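Participant: sequence isn't available, so here's the structure alone:
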């Protein structure tokens, strides 16, 4: 029973941290490289970055050799860096 309660608390803490990160991104108090490493690829944060046009999706496809879907994303002009995200 104690494990279930601690898991719920951990999940609430993570959700609150993610919501806080998204709010700071929206208010421009936080830049993309300053997002903590453990939350950088979280779907909600990625979605918010795309909505705020911090990330722009480019070429999408399927790598036949590695058997992976991929999305090439370009960061906003503030951060001149191309990244490739594998799904």
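Facilitator: Everything's here; your move. Since the structure is predicted, the reported quantities are computational estimates derived from the model, not experimental observations.
Participant: quick one: strands adjacent to the host helix or strand of residue 57?
Facilitator: Per DSSP states H and E, residue 57 falls inside strand 55-63. According to DSSP bridges, strand 55-63 forms sheet pairs with strand 68-75 (antiparallel).
Participant: just to revisit the earlier point, contacts for the strand holding residue 57 next, please.
Facilitator: Here strand 55-63 makes contact (Cβ atoms under 8 Å, 6 or more residues apart in numbering) with 32, 46, 49-50, 68-76. For every residue, glycine as well, the C-beta is placed using N, CA and C.
Participant: and those residues, which two are furthest apart?
Facilitator: 68 and 76 (25.5 Å; Cβ to Cβ).
Participant: of those two, who's got more company?
Facilitator: Using other Cβ atoms under 10 Å, the more surrounded residue of residue 68 and residue 76 is residue 76, with 15 against 11.
Participant: may I see the buried residues of the longest helix belonging to the chain?
Facilitator: Scanning the chain for the longest helix, with DSSP state H as the assignment, gives helix 2-26. Neighbour-count burial for helix 2-26, counted by 16 or more other Cβ atoms under 10 Å, picks out 18, 21, 22, 25.
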